[in-house]
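Peer 1: Just to be clear, the model below is a prediction. Sequence and coordinates:
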Amino acid sequence: MRDHGLEEAIRAVGGVSELARRIGISQPSVSNWDRVPAERVLSVESATGVARAVLRPDLFTHGSAPDLDEVDLARAQEYALLSTLLSRSPDAQLMARMARLRGDPSPLGLAHAALGEAAARSNVERAGREYFDLFIGLGRGELLPYGSYYLTGFLFERPLARLRSDLKRLGIERTEGQSEPEDHAAILCEVMAGLAGRTIEAPAGADREIFQKHMAPWMGRFFGDLERSQTADFYARVGALGQTFMEVETEAFALPA
């Protein structure tokens, strides 16, 4: 039997199939849930608008995990947004929410503001076409958002094997029905959202390890390629936000633990 939080998420979007589509996994995977998995809470919250405290009250109270400071909460939300935008094209609800984004004069704040402006001048159809051309295409998309590809030039190479080994050691399991390999940028951002937001139980410093070993060597280059794409407008701003956030995280993790 599904718990209340999962039922609310399904009701908010109009069905199991739509929830699966919005978070970029298969419909049978969602059908097998009895509650929202911890590593999916932030993605489901972003896709449905249902608060995390409703989705998983055992993990969240008043919108945040116990002892979770504002910086880590903001990091988790940033990673969850990037994961959502890299796993699927935005729907009308998400586009409307992004169109209201504003920012302070910091580099990250300006990237938020630019993404909000891009969302306001775009629409679901144009963003969907960009996503298809960039990541799916006829045969293959313009970009391949995989760690193995950026580090070796090929898919399913040793960087993926090393990532899988580290995720297994941390107790992070592959979601049933997930077709993409774990070194996809969207999946890595989702893992980081769970680690930063503490919806994934892991030893202290696990987010630093995953970032420095499996994201820092290539993901900034991927976001840079996305920002410079000649076929993108909205997704170019996603690339700019991602690249700026990777720089912020790199600087933060360079500080002593």
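Peer 2: Everything's here; your move.
Peer 1: From here on, just use CA atoms for contacts and neighbour counts.
Peer 2: OK.
Peer 1: what residue lies at the spatial centre of the protein?
Peer 2: With distances taken as Cα atoms, centre = their mean, S83 lies nearest the centre of the chain, 1.4 Å away.
Peer 1: what's the single longest helix in this structure?
Peer 2: Scanning the chain for the helix with the most residues, using DSSP state H, yields helix 234-254.
Peer 1: Centre of the chain to it, how far?
Peer 2: 13 Å (Cα atoms, centre = their mean, to the nearest Å).
Peer 1: List the residues that contact F253.
Peer 2: Shown in contact with F253 (Cα atoms under 8 Å, 6 or more residues apart in numbering): R208, Q212.
Peer 1: just use 58 as the starting number from now, easier for me
Peer 2: Understood, numbering begins at 58; the last thing we discussed is F310.
Peer 1: Would you check how far apart it and K270 are?
Peer 2: Using Cα to Cα, to the nearest Å, F310 is found at 12 Å from K270.
Peer 1: my read: L143 touches A242, true?
Peer 2: Yes. Using Cα atoms under 8 Å, L143 is in contact with A242, at 7.1 Å.
Peer 1: Touching both of those two, which residues are there?
Peer 2: Joint contacts of L143 and A242 (Cα under 8 Å, 6+ apart) do not exist.
Peer 1: Can you name the residues that contact M272?
Peer 2: G204, L245.
Peer 1: what phi and what psi does the backbone show at it?
Peer 2: M272 adopts backbone torsions of phi -120, psi -50, taken as degrees, to the nearest 10.
Peer 1: mind checking pLDDT for it?
Peer 2: On pLDDT, M272 comes in at 98.
Peer 1: How about the one 10 residues further on?
Peer 2: Among the per-residue scores, D282 shows a pLDDT of 98.
Peer 1: buried ones in the strand or helix carrying it?
Peer 2: Secondary structure from DSSP states H and E places D282 in helix 276-284. Of the residues in helix 276-284, M276, G277, F279, F280, G281, D282, L283, E284 count as buried by neighbour count, 16 or more other Cα atoms under 10 Å.
Peer 1: So which elements touch that helix?
Peer 2: Packed against helix 276-284 by the contact rule (3 or more Cα pairs under 8 Å, 6 or more residues apart in numbering; DSSP states H and E) you find helix 291-311.
Peer 1: Now do the helix it packs on, average pLDDT.
Peer 2: Average pLDDT, helix 291-311: 97.
Peer 1: Name the residues of stretch 165-181 that are buried.
Peer 2: Using 16+ other Cα under 10 Å as the test for burial, stretch 165-181 gives 165-177, 180-181.
Peer 1: Restricted to helices, list these.
Peer 2: Using DSSP H, 165-177, 181 are the members of the buried residues of stretch 165-181 that sit in helices.
Peer 1: Name the nearest residue to L208, ignoring sequence neighbours.
Peer 2: W275 (6.7 Å; Cα to Cα, 6 or more residues apart in numbering).
Peer 1: How about the contacts made by that neighbour?
Peer 2: Each residue near W275 by Cα under 8 Å, 6+ apart is listed here: G204, Y207, L208.
Peer 1: quick check: mean pLDDT across stretch 87-95?
Peer 2: 86.
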